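Peer 1: My questions are about this predicted structure, shown below with the sequence.
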Amino acid sequence: MKGAIIAGAALPFSRVRGANDRIRVGVVGLGGRGVGAHIPSFEKQKDVSVIAVSDPDRERMGKATKSIQSKFSHGVEQYVDMRRMFDRKSIDVIGNATQNYWHGLSTIWACQAGKHVYVEKPLSHYIWEGRQMVNAARKHGRIVQCGTQHRSENLITQAIKWVREGNLGKIKYITAFANKPRVSCGKRATPLPIPDTLDYDLWCGPARKVPIYRDRLQYDCSFDFNTGDGESCNQGVHEIDVARWCLGEKMLPRRVMSIGGRFVFNDACDVPNTQIIYYDFPTAPILYEVHNLYKAKNSKEMPTFRGERVGVIVNCEGGSISLYRGIAWDNEGKQLKSFSGGGDHFVNFIEAVRSNRREKLNAEVLEGHLSTAVCHTGNISYRLGEKASTKEMRARVRDVPLFGEMLDRLLEHLSAHEIDVDAGTVTLGPWLRIDRENERFKDSEPANRLARGFYREPYIVPDLSG
């Protein structure tokens, strides 16, 4: 045993927990979110304790254990293989801070083991996988919260309620955006050495087990489609979730299209660092923009949209509102109203666990699945795209003026980096029509293959749709 075990019998899962019942937590994935958010956010709550940790990297696990001992004055059990931790009957809750490609299978395993789960965003690595996570939660009666924490911010809740009450008139469209600087992943001539402290097969899990040619193993796996989903899903799920929430949409869009590429870096990662996506919902369209490059070639400033680097702006007949800032304006730019107030997503999760009522969750697994799946549709369009000229791009969006305006911003941004946009440097994705009822694409088997996903034996996500 690597640390002290907190004594006490496990609570029956069918029972509603009282305010003084101790909830025991196991945290899997000990990177920035696991150590920096999950562990302290659980530990600060009354009668909630982290009693076990798991990571295929023994070095990271050892550091996390020492941190818990130092900050919270108790030891924890350590497990290289998360399945051994899930088998532990005294654990009630799993804090899942694994990387994107592990979220699905690990959450399903935890549900099958009778654990409630707080799982980081984006919920899934594939559309089909996300639906199986919902199915697992339902089949096993588990409470599963997705880490889209804006759902617990009071200012956003109030602002969305105010918009949906019609105070700005009908919603015309929503522009969501993320202008976050990223650096190159690097491009090695030889594979990255894997440290002896890491079980690489377990680390790869469901993903293809291949040599790594980027400079960092861990976080940069978010920017490789084998293990990650790029900025439009990694960060974008936050904005898309808030935008979809505002629209009240409970299904995927009717169609989707993406344009973009990976520019300047010339590295070993393959997700776009500059991307625009049009999500065509019946209520109103959602437009999404990603810029990971600075404003221009020699600039150190990031692009902004209406003064914000990352945000969601709802454009209505009678004005607009920034949902992240909580500020509404009329059509002349005069401020009409402001909102304030925070919230705690982890507290909301524990409250739902204590009551054994999933309806108390602010970001229940189904909501996390829908928002993540929306983001996946955009990436699927991008991944099926081909290099195109400016003329071809404009022709593709000719009938959608809002998309045309977003394309103008994209081309202007790339030109500021001295990228020849007429030389076939930009990837133009196809319009993909979506079977909203079945979460599949119409008339595109290649798109459906990407939606279904790929898994490596023995790390196969089970089909729980029956």
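Peer 2: Noted; the coordinates are in hand. Numbering: from 1, shown residues only.
Peer 1: Which parts of this protein belong to which domain?
Peer 2: 23-151, 171-316+364-452 (automatic domain parsing).
Peer 1: end to end, how far does the longest one reach?
Peer 2: To tie it back to what came earlier, the one meant is domain 171-316+364-452. 33 Å (Cα to Cα, to the nearest Å).
Peer 1: for the protein, which spans come out with low pLDDT?
Peer 2: 1-20 (pLDDT under 70).
Peer 1: residue ranges of the helices in the stretch 51-200 of the chain, please?
Peer 2: 58-72, 82-86, 100-112, 127-139, 154-164, 200-204 (DSSP state H, counting those that start in this stretch).
Peer 1: deepest of these, which one?
Peer 2: helix 100-112 (a mean of 26; mean count of other Cβ atoms under 10 Å). (C-beta placed from N, C-alpha, C; glycine too.)
Peer 1: Which elements pack onto it?
Peer 2: helix 82-86, strand 93-96, strand 116-119, helix 127-139 (3 or more Cβ pairs under 8 Å, 6 or more residues apart in numbering; DSSP states H and E).
Peer 1: Which helix in the chain has the most residues?
Peer 2: For the chain, the helix with the greatest residue count under DSSP state H is helix 365-383.
Peer 1: what helices or strands is it leaning on?
Peer 2: Applying 3+ Cβ pairs under 8 Å, 6+ apart, we find helix 365-383 packed against helix 127-139, strand 144-146, helix 231-234, helix 236-247, strand 255-261, strand 274-280, strand 432-435, helix 445-452.
Peer 1: Buried residues in the following helix or strand past it, which are they?
Peer 2: Next along the chain after helix 365-383, taking DSSP states H and E as the criterion, comes strand 386-388. Residues of strand 386-388 classed as buried: A388 (neighbour count, 16 or more other Cβ atoms under 10 Å).
Peer 1: for stretch 439-454, same thing?
Peer 2: 439-441, 444, 447-448, 450-451, 453.
Peer 1: So what's the residue count around the closest residue to Q132 other than its chain neighbours?
Peer 2: Using Cβ to Cβ, 6 or more residues apart in numbering and skipping residues adjacent in sequence, the residue nearest Q132 is L464, 5.0 Å away. L464 has 18 neighbouring residues, counting by other Cβ atoms under 10 Å.
Peer 1: is it true that L464 touches L105?
Peer 2: No: counting by Cβ atoms under 8 Å, L464 sits too far from L105 to count as a contact (11.7 Å).
Peer 1: got a list of what G385 touches?
Peer 2: 258-259, 427-430 (Cβ atoms under 8 Å, 6 or more residues apart in numbering).
Peer 1: if we take these, which one ends up nearest to A296?
Peer 2: I259 (20.0 Å; Cβ to Cβ).
Peer 1: Verify the contact between the closest one and L287 for me.
Peer 2: No: the criterion here is Cβ under 8 Å, and I259 misses it with L287 at 11.6 Å.
Peer 1: Which parts of the stretch 251-400 of the chain are strands?
Peer 2: Under the criterion DSSP state E, counting those that start in this stretch, strands of the stretch 251-400 of the chain are mapped to 255-261, 274-280, 286-291, 310-316, 319-322, 327-329, 335-338, 386-388.
Peer 1: Of all those, which one is nearest G404?
Peer 2: Nearest of the strands of the stretch 251-400 of the chain (Cβ to Cβ): strand 274-280, 10.1 Å.
Peer 1: Show me what that closest one packs onto, helices and strands only.
Peer 2: helix 231-234, strand 255-261, strand 286-291, helix 365-383, helix 401-415.
Peer 1: For the first one, what is the distance to the chain centroid?
Peer 2: Right, helix 231-234. The chain centroid and the centroid of helix 231-234 are separated by 7 Å under Cα atoms, centre = their mean, to the nearest Å.
Peer 1: what's the neighbour count on the closest residue in space to L217 that isn't next to it in sequence?
Peer 2: The shortest distance from L217 to any non-neighbouring residue, by Cβ to Cβ, 6+ apart, is to L192 (6.2 Å). By other Cβ under 10 Å, 15 other residues sit near L192.
Peer 1: export the domains of the chain to JSON lines and tack on distance to R357?
Peer 2: Putting these into JSON lines (distance: least, Cβ to Cβ, whole Å) gives the following:
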{"stretch": "domain 23-151", "distance to R357": "8"}
{"stretch": "domain 171-316+364-452", "distance to R357": "10"}
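Peer 1: Give me whichever of these is most buried.
Peer 2: domain 23-151 (a mean of 22).
Peer 1: Now do the same contact list for the residue nearest the centre of the chain.
Peer 2: In the chain, the centroid-proximal residue (Cα atoms, centre = their mean) is P122; its distance is 2.2 Å. Each residue near P122 by Cβ under 8 Å, 6+ apart is listed here: 100, 103, 229, 233-234, 237, 372, 375.
Peer 1: Cheers, nothing more for now.
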